[in-house]
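S.K.: sequence first, then the predicted structure, then my questions.
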Amino acid sequence: MTETRLAQGRKPCIAISPNSAARALEVDETMGFLKAIVNADTNQISGAAVLGIEGGEVMTVVGDCDNGQIAIHHAVRCEICSPWAWESLNNLFMAMDNT
């Protein structure tokens, strides 16, 4: 699915972040990025791309948020026992405009 298609009929917010969460730093694997499109009206994830260490782990959490219709401000407030790769979502969403 493309970014353009995800934005159709929605008011999108786009967040892009380097892969710099604690887990990536600990294992010296900071190459890559995270990108998410969030519906500004509902604050729910419309789509995401992850390129980096443990990308599958991060995308599993993104999918859980999407399936559970969890708004990103709830996901950002989740307690995280570090170091996990998916804690990078906190960095991504806290840097997002209009959240």
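M.R.: Structure received.

S.K.: when you work out contacts or count neighbours from here on, use the C-alpha atoms and nothing else.
M.R.: Noted.

S.K.: what ranges in the chain fall below the confidence cut-off?
M.R.: 1-2, 6-7, 76, 78-84, 95, 97-99 (pLDDT under 70).

S.K.: can you give me the strands for it?
M.R.: 12-18, 33-39, 44-51 (DSSP state E).

S.K.: let's have the ones you listed in a markdown table, adding mean neighbour count and distance to Asp66.
M.R.: Listed next are the strands of the chain as a markdown table, based on neighbours: other C-alpha atoms under 10 Å; distance: least, C-alpha to C-alpha, whole Å:
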| stretch | mean neighbour count | distance to Asp66 |
| --- | --- | --- |
| strand 12-18 | 19 | 15 |
| strand 33-39 | 22 | 10 |
| strand 44-51 | 19 | 6 |
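
S.K.: for Leu92, find the nearest of those.
M.R.: With C-alpha to C-alpha as the criterion, Leu92 lies closest to strand 12-18 of the strands of the chain, at 5.4 Å.

S.K.: which neighbouring elements make contact with that closest one?
M.R.: strand 33-39, helix 88-94 (3 or more C-alpha pairs under 8 Å, 6 or more residues apart in numbering; DSSP states H and E).

S.K.: relative to Glu26, which of those is closest?
M.R.: Nearest to Glu26 among the helices and strands packed on strand 12-18 is helix 88-94; the distance by C-alpha to C-alpha comes to 12.9 Å.

S.K.: what is the closest one packed up against?
M.R.: strand 12-18, strand 33-39, helix 72-76.

S.K.: dump these to TSV, plus distance to Glu87.
M.R.: Formatted as TSV, the helices and strands packed on helix 88-94 follow (distance: least, C-alpha to C-alpha, whole Å):
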stretch	distance to Glu87
strand 12-18	12
strand 33-39	11
helix 72-76	9
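
S.K.: reformat the helices and strands packed on strand 12-18 as JSON lines; add distance to Ser46.
M.R.: Below are the helices and strands packed on strand 12-18 laid out as JSON lines (distance: least, C-alpha to C-alpha, whole Å):
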{"stretch": "strand 33-39", "distance to Ser46": "5"}
{"stretch": "helix 88-94", "distance to Ser46": "13"}
